[in-house]
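Peer 1: Below are the sequence and a predicted model; questions follow.
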Protein chains: 2
Amino acid sequence: MLIQKYFVTRQKLVDDALEEYFVLSSRNTSKFDKAVRYSLLSEGKRLRPILLFAVYEMLKGRKNIKSLNKIMPVACALEMVHTASLVHDDLPSLDNAKYRRGKLTSHEKYDPATAILVGDALLTKAFEVLTEMEDKKKAVQCIDILAKAISTRGMIGGQTVDLLSADKNVRINVLKYIHLKKTGALLQAATDMACALCDVEENQMITLGNYALNLGLSYQIIDDILDDVGALDILGKESEDSKNHKTTYATLLGIEGAKKTAEKLLSDAHKMIKNIDNSDVLVEFINRIKERLP
Amino acid sequence: MLIQKYFVTRQKLVDDALEEYFVLSSRNTSKFDKAVRYSLLSEGKRLRPILLFAVYEMLKGRKNIKSLNKIMPVACALEMVHTASLVHDDLPSLDNAKYRRGKLTSHEKYDPATAILVGDALLTKAFEVLTEMEDKKKAVQCIDILAKAISTRGMIGGQTVDLLSADKNVRINVLKYIHLKKTGALLQAATDMACALCDVEENQMITLGNYALNLGLSYQIIDDILDDVGALDILGKESEDSKNHKTTYATLLGIEGAKKTAEKLLSDAHKMIKNIDNSDVLVEFINRIKERLP
């Protein structure tokens, strides 16, 4: 299969499954459910679910695409948590972002109160759908991995340090911490959950987790660069950071320095996985991030 | 044991367990962790955990208090979710409450961004602690019950209808829906989880769930009455509803009518449980709510 097709087919699979969780029926036309759908079913790239599939199929072997239905709750949970974090992070009290994924943010389209509850509903739904998994032991493992990735030691931890750093000159290791936690933690949860589902040994789980962290960090550094050059068309959102005079990798290292850092992270990520059989999709993740470099 | 002592000892048990989940150490003194502790470890009555214990001990028999440690994650999860919902509901975009449990709300003490993340962190932590339960099947059952109680069909559903009803004259059945979902759903989750942990038959689970819903609804109606008479000392918070000219049971039925409705709900709740052995603590819940009537 062409690698392009891998991404397209898996993305469609996730889109359809997410849609099913929040079907609007003649009985259900509430404004709130529309608001949940507005954020969740928008033009997301579904990178976290696809990363989960990629690692799972690399370890188990690529079978009929229907075999992925077994782990669909995990894929959907990842996307729900990711969307919840975007909706809350975009709020006026936090990043105050007007656009996301090329359209108005939840609180701009609706209102902040609705956006707060949309985030809460998606965060909760993620855990609910994980309970649907047949193997209850694995369900609990995944819930534990996901909850820790969101926690104060993960995504929320990154967000709180980001908050405390607003309007301050932060050092590069603080910036790195913020990116690793805000973006890396959930990508790592995707590879960790895939490994847990396949019962792989701890060493390999750690390697794939580090690969995911490198993806997340390089992605954010490139976002910093794109913010700096004001590439709204690629970002699908406003250049918040430069607007807010926030410290970024680009302001600290310059565009060229930031580029080199991102390239190094991606080349390290490549070294981590190149000797694993069937890692072609994982290589493609690296290539796709590299392509965003201006 | 005196019934008074039952509440005091169980409350202390929960307070200590919650404290352990969020210990501040010499290494951990972050502003954010202090903010989480500020809301969670404040003067809560721990009614949901105690209701869980009461049903559990009624069904299993009251043994050494240490036997409750086995279900402590469930008790703490209930309190974390309850606190998360208070922190988010109090936000400026929602109820805009300045006081809660007799002190400043999270966003007043800190700021709205911190309060949003405190709520997210507590919501997530609730699911994480449930994974600690030894019996993984029961853990999944509890996670499912809890997630559904929070969801758009539960607490969040009540909150969204409440939002949509602001500045409107709502009918009594809408008000009833809001209270049943916003307050009743999590109390029902407490009795449902206790029943799931004890493997009781569905009939009894439904009866105890209805008892919990009646507790929740009557509690809220009495809150409405206290709001109306402006009893800050009993509520520990401002009289938000009357300040906002919100429709309440008191404005719809008058103080006397609202009182009668609450009393009827509590007397029905009593009928539901009076023939169950060792239901003395459940009776006491009814008495304590009745005592709040002015």
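Peer 2: Good, I have the coordinates.
Peer 1: For A:Leu68, give me its contacts.
Peer 2: A:Leu68 is in contact with A:10, A:13, A:53, A:56-57, A:75, counting by Cβ atoms under 8 Å, 6 or more residues apart in numbering or on different chains. Using the backbone N, CA and C atoms, a C-beta is placed for each residue, glycine as well.
Peer 1: nearest to chain B, of these?
Peer 2: Among those, A:Ala75 lies closest to chain B (Cβ to the nearest Cβ), at 17.5 Å.
Peer 1: Doesn't the closest one lie inside a strand?
Peer 2: No: following the definition DSSP: H, G, I helix; E, B strand; the rest coil, A:Ala75 is helix and is not counted among the residues of a strand.
Peer 1: tell me which helix or strand of chain A sits lowest on mean pLDDT?
Peer 2: Least confident element among the helices and strands of chain A, by mean pLDDT, DSSP states H and E: helix A:240-243 (a mean of 52).
Peer 1: Chain B versus A:Met133, what's the distance?
Peer 2: Separation of A:Met133 from chain B (Cβ to the nearest Cβ, to the nearest Å) stands at 8 Å.
Peer 1: repeat for A:Leu293
Peer 2: From A:Leu293 across to chain B, the span is 31 Å (Cβ to the nearest Cβ).
Peer 1: Count the neighbours of that residue for me.
Peer 2: Neighbouring residues of A:Leu293 were enumerated by other Cβ atoms under 10 Å in any protein chain shown; the total is 15.
Peer 1: now A:Phe22
Peer 2: For A:Phe22, which is what you asked about, the neighbour count (other Cβ under 10 Å) is 18.
Peer 1: Same question for A:Ala17.
Peer 2: A count of neighbours around A:Ala17, defined by other Cβ under 10 Å, yields 18.
Peer 1: Of all the residues in the stretch 151-294 of chain A, which one is nearest chain B?
Peer 2: A:Thr160 (4.2 Å).
Peer 1: so what's that residue up against?
Peer 2: With Cβ under 8 Å, 6+ apart as the criterion, the residues that contact A:Thr160 are A:152, B:30-32, B:114, B:117.
Peer 1: mind checking how far it is from B:Ala77?
Peer 2: Distance, A:Thr160 to B:Ala77, using Cβ to Cβ, to the nearest Å: 22 Å.
Peer 1: coming back round to it: where does the residue of the stretch 151-294 of chain A closest to chain B sit, in terms of helix or strand?
Peer 2: A:Thr160 is part of helix A:155-164 when elements are defined by DSSP states H and E.
Peer 1: next structured bit after that helix?
Peer 2: Proceeding N to C from helix A:155-164, the next assigned helix or strand is helix A:172-179, under DSSP H and E.
Peer 1: ok, that next one near chain B or not?
Peer 2: No: if you take Cβ under 8 Å from any Cβ of the partner chain as the test, helix A:172-179 misses chain B, and the best it gets is 12.5 Å.
Peer 1: Going along the chain, name the strands of chain A.
Peer 2: Per DSSP state E, chain A carries strands over the ranges A:99-100, A:103-104.
Peer 1: Pull up the residues of the stretch 1-150 of chain A that are close to chain B.
Peer 2: Within the stretch 1-150 of chain A, the residues that sit near chain B (Cβ under 8 Å from any Cβ) are A:30-33, A:36, A:84, A:88, A:91, A:93-94, A:111-114, A:116-117, A:119-121, A:123-125, A:127-128, A:130-131, A:136-137, A:139-140, A:143-144, A:147-148, A:150.
Peer 1: Among these, the buried ones, what's the PyMOL command?
Peer 2: Selection of the buried residues among the residues of the stretch 1-150 of chain A next to chain B in PyMOL, burial being defined by 16 or more other Cβ atoms under 10 Å in any protein chain shown:
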select buried, chain A and resi 32+33+36+84+88+91+93+94+112+113+114+116+117+119+120+121+123+124+125+127+128+130+131+136+139+140+143+144+147+148+150
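Peer 1: For the nearest residue to A:Leu282 once chain neighbours are set aside, give me its contacts.
Peer 2: On the basis of Cβ to Cβ, 6 or more residues apart in numbering or on different chains, the spatially nearest residue to A:Leu282 that is not a chain neighbour turns out to be A:Ile273, at 4.9 Å. With contacts defined as Cβ under 8 Å, 6+ apart, the neighbours of A:Ile273 are A:207-208, A:211, A:279, A:282-283.
Peer 1: swap in A:Ile150?
Peer 2: By Cβ under 8 Å, 6+ apart, A:Ile150 lies in contact with A:81, A:85, A:123, A:156, A:185-186, B:120, B:124.
Peer 1: In chain A, spot the helix with the most residues.
Peer 2: Of all the segments assigned as helix in chain A under DSSP state H, the longest by residue count is helix A:202-229.
Peer 1: quick one on the thing from earlier: among the contacts of A:Ile150, which pair sits farthest apart?
Peer 2: Using Cβ to Cβ, the pair of those lying farthest apart is A:Leu123 and A:Ala185, separated by 14.4 Å.
Peer 1: Could you pull up the contacting residues of A:Leu51?
Peer 2: Neighbouring residues of A:Leu51 by Cβ under 8 Å, 6+ apart: A:187, A:190-191, A:194, A:212, A:215, A:285.
Peer 1: cool, and A:Ile3?
Peer 2: The neighbours of A:Ile3, taking Cβ under 8 Å, 6+ apart as the test, are A:280-281, A:284.
Peer 1: For the residues you listed, which PyMOL command selects only the ones that are buried?
Peer 2: Selecting only the buried members of the contacts of A:Ile3 in PyMOL, with burial defined as 16+ other Cβ under 10 Å, works like this:
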select buried, chain A and resi 281+284
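Peer 1: ok, the contacts of A:Ile3 vs B:Ser42, which is closest?
Peer 2: Of all the contacts of A:Ile3, the one sitting nearest B:Ser42 is A:Val281; the distance, using Cβ to Cβ, is 48.6 Å.
Peer 1: pLDDT score for the closest one?
Peer 2: At A:Val281, the pLDDT value in this model is 97.
Peer 1: just checking, it touches A:Met58?
Peer 2: Yes: with contact taken as Cβ atoms under 8 Å, A:Val281 and A:Met58 are classed as touching, separated by 6.9 Å.
Peer 1: follow-up on the earlier one: tell me which other helices or strands the longest helix of chain A touches.
Peer 2: With contacts defined as 3 or more Cβ pairs under 8 Å, 6 or more residues apart in numbering or on different chains; DSSP states H and E, the secondary structure elements packing on helix A:202-229 are helix A:47-60, helix A:172-179, helix A:185-198, helix A:232-235, helix A:240-243, helix A:249-273, helix A:280-291.
Peer 1: Can you point out the buried residues in the helix holding A:Thr160?
Peer 2: Within helix A:155-164, the residues scored as buried using 16+ other Cβ under 10 Å are A:155-163.
Peer 1: in the stretch 1-150 of chain A, which ranges drop under the pLDDT threshold?
Peer 2: Within the stretch 1-150 of chain A, the segments meeting pLDDT under 70 span A:1, A:24-29.
Peer 1: rerun that using 90 as the cut-off
Peer 2: Applying pLDDT under 90 to the stretch 1-150 of chain A flags residues A:1-2, A:22-31, A:42-44, A:62-64, A:101-102.
Peer 1: All the helices of it, residue numbers only.
Peer 2: A:3-21, A:31-40, A:47-60, A:72-89, A:106-109, A:112-130, A:136-150 (DSSP state H, counting those that start in this stretch).
Peer 1: contact partners of stretch A:279-287?
Peer 2: Stretch A:279-287 is touched from outside by A:3, A:6-7, A:47, A:50-51, A:54-55, A:57-58, A:211, A:215, A:266, A:269-270, A:273-274, A:276, with contacts defined as Cβ under 8 Å, 6+ apart.
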